[in-house]
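Visitor: Need the 3D shape of this:
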Amino acid sequence: GIVVLGLNRSYAKNALSKNLVKMMSKAVDALKSDKKVRTVIFRSEVPGIFCAGADLKERAKMHSSEVSSFVSRARATINELANLPVPTIAAIDGTALGGGLELALACDIRVAASSAKMGLVETKLAIIPGAG
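Guide: Next up is the predicted model:
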């Protein structure tokens with residue numbers, strides 16, 4: 001009954017790309033209707049990083065209409081995660097920034113290593129966190 005979802009984009013520090021958000025959305029949709037699931041743990045497969053937030057390199061190449069669509073999809077996915085009917089746990093063993101921290105905050109419980117670093121770095125740019 002325990003489902004462990006691991007983020008594994010080591011070359012991008014688990015940054016949230018369009019493809020990763022799409023895969024997370026599909027996984028969360030599948031979990032919503034699976035009656036065997038009793039809890040979900042989100043973790044990183046990459047040592048020292050939970051999630052670096054949005055993939056800014058990918059975003060820089062997007063048209064403005066794509067950015068809006070991406071942010072909406074990421075927000076919807078994180079909201080669906082927050083509304084799962086089972087307890088969700090974020091296992092934060094490393095850095096969680098921006099949308100990565102928003103992902104962790106959407107979980108019911110957050111467990112962090114003593115070395116974990118967290119922040120909503122977009123607030124330094126006077127940008128409202130947009131994913132969650």
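
Visitor: list the contacts for residue 14?
Guide: Residue 14 sits next to 7, 8, 20, 44, 46, 49, 50, 51, 52, 100 when contact means C-beta atoms under 8 Å, 6 or more residues apart in numbering. Just so you know, the C-beta spots here come from the backbone N, C-alpha and C atoms, and that holds for glycine as well.

Visitor: what is the mean pLDDT for the longest helix belonging to the chain?
Guide: Longest helix in the chain, counting residues (DSSP state H): helix 64-82. Average pLDDT, helix 64-82: 91.

Visitor: Restrict that helix to CA atoms and write it as PDB.
Guide: Taking C-alpha atoms only, helix 64-82 is exported to PDB below (Å, rounded to 0.1, in the frame of the first residue of the first chain):
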ATOM      1  CA  SER A  64       5.000  33.200 -23.500                       C
ATOM      2  CA  SER A  65       1.800  31.300 -24.200                       C
ATOM      3  CA  GLU A  66       3.700  28.000 -23.500                       C
ATOM      4  CA  VAL A  67       4.900  29.400 -20.100                       C
ATOM      5  CA  SER A  68       1.400  30.200 -19.000                       C
ATOM      6  CA  SER A  69       0.200  26.700 -20.000                       C
ATOM      7  CA  PHE A  70       3.200  25.100 -18.300                       C
ATOM      8  CA  VAL A  71       2.600  27.000 -15.000                       C
ATOM      9  CA  SER A  72      -1.100  26.100 -15.100                       C
ATOM     10  CA  ARG A  73      -0.300  22.400 -15.700                       C
ATOM     11  CA  ALA A  74       2.300  22.400 -12.900                       C
ATOM     12  CA  ARG A  75      -0.200  24.200 -10.500                       C
ATOM     13  CA  ALA A  76      -3.000  21.700 -11.400                       C
ATOM     14  CA  THR A  77      -0.700  18.700 -10.800                       C
ATOM     15  CA  ILE A  78       0.500  20.000  -7.400                       C
ATOM     16  CA  ASN A  79      -3.100  20.800  -6.400                       C
ATOM     17  CA  GLU A  80      -4.100  17.200  -7.400                       C
ATOM     18  CA  LEU A  81      -1.200  15.900  -5.300                       C
ATOM     19  CA  ALA A  82      -2.400  18.000  -2.400                       C
END
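
Visitor: So what touches that helix?
Guide: Contacts to helix 64-82, defined as C-beta under 8 Å, 6+ apart, come from residues 16, 18, 21-22, 24-25, 28-29, 32, 42, 54, 59, 62, 88, 99, 102-103, 106-107, 130-132.
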